[in-house]
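K.L.:
Okay, structure incoming, though there's no sequence with it:
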């Protein structure tokens with residue numbers, strides 16, 4: 001069976017990346033093996049701990065930020081859209097250079113746009129820390145999402161794996177995991193309840209890609 005080569009995009013601590021790494025190692029120790037292989041990790045910031053996790057697993061890493069792609073002066077003068085296009089085009093180059101069949105956004109805090117979305121159509125998934133279509137869109141990431149869920153008085157939350165399209169958190173929903181919201185929840189306690197479900201969901205999402213790409 002041909003493995004699905006995936007590029008994983010990150011911005012922070014990389015706990016979901018670690019779940020994918022650990023699962024790949026565990027399944028490769030079994031007779032059937034793992035259906036995917038992480039060929040590279042691409043970070044939007046040079047200080048992301050996710051890069052350390054990749055290094056520890058001997059996975060190649062790359063940085064793709066407006067400053068690394070455009071240079072400091074040009075990046076400071078560019079619009080948000082110009083920065084997103086330049087970064088997305090660089091990520092596309094990197095994914096092709098590593099022969100990535102699909103792309104996994106695992107806590108990636110920017111928005112892909114332009115050619116990469118069309119060239120990898122139906123081959124990019126994103127993990128979102130809420131039950132889309134609620135609490136999605138620009139600015140809805142990390143604790144911002146959990147704060148919004150609590151402020152809205154929601155009775156449940158969770159996470160969503162969806163395909164990436166030209167919008168922001170608007171692609172087809174593939175997987176959702178639900179958890180209850182407790183009366184005394186804080187953003188931290190809600191995140192702690194959702195996190196294990198994120199790890200399960202992102203592995204299921206990559207396996208969906210392996211079956212469908």
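P.N.:
Yes, it's here. Here the structure is a predicted model, which means the values were calculated and not measured. Numbers count the residues shown, from 1 in each chain.
K.L.:
can you list the weak-confidence ranges in the chain?
P.N.:
Residue ranges of the chain with pLDDT under 70: 1.
K.L.:
mind listing what's buried in the longest helix seen in the chain?
P.N.:
Ordering each helix of the chain by length in residues (DSSP state H) puts helix 187-212 first. Judged by neighbour count (16 or more other CB atoms under 10 Å), helix 187-212 contains these buried residues: 187, 190-191, 193-194, 197-199, 201-203, 205-210. In short, each C-beta sits where N, CA and C put it, glycine included.
K.L.:
any idea where the strands of this protein begin and end?
P.N.:
4-10, 36-43, 61-63, 102-105, 124-128, 156-163, 173-180 (DSSP state E).
K.L.:
neighbouring contacts of the first one?
P.N.:
Taking contacts as CB atoms under 8 Å, 6 or more residues apart in numbering, the residues outside strand 4-10 that touch it are 17, 20, 35-44, 48, 50-51, 91, 94-95, 98-108, 206, 209-210, 213.
K.L.:
count of residues packed around the closest residue to residue 209 other than its chain neighbours?
P.N.:
Sequence neighbours aside, residue 102 is the residue nearest to residue 209 in space, at 4.7 Å (criterion: CB to CB, 6 or more residues apart in numbering). Here the count is done by other CB atoms under 10 Å, and residue 102 has 23 residues near it.
K.L.:
Dump the strands of the chain to TSV, plus distance to residue 76.
P.N.:
Formatted as TSV, those follow (distance: least, CB to CB, whole Å):
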stretch	distance to residue 76
strand 4-10	23
strand 36-43	20
strand 61-63	17
strand 102-105	26
strand 124-128	28
strand 156-163	33
strand 173-180	37
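K.L.:
Mind giving me the ChimeraX command for buried ones among the contacts of strand 4-10?
P.N.:
Buried members of these, defined by 16+ other CB under 10 Å, are picked up in ChimeraX with:
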select :17,20,35,36,37,38,39,40,41,42,43,44,48,50,51,91,94,95,98,100,101,102,103,104,105,106,107,108,206,209,210
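K.L.:
how far away is the closest residue to residue 116 other than its chain neighbours from residue 120?
P.N.:
Counting by CB to CB, 6+ apart, residue 116 lies nearest to residue 92, which is 4.0 Å off, once chain neighbours are set aside. Using CB to CB, to the nearest Å, one obtains 8 Å as the distance from residue 92 to residue 120.
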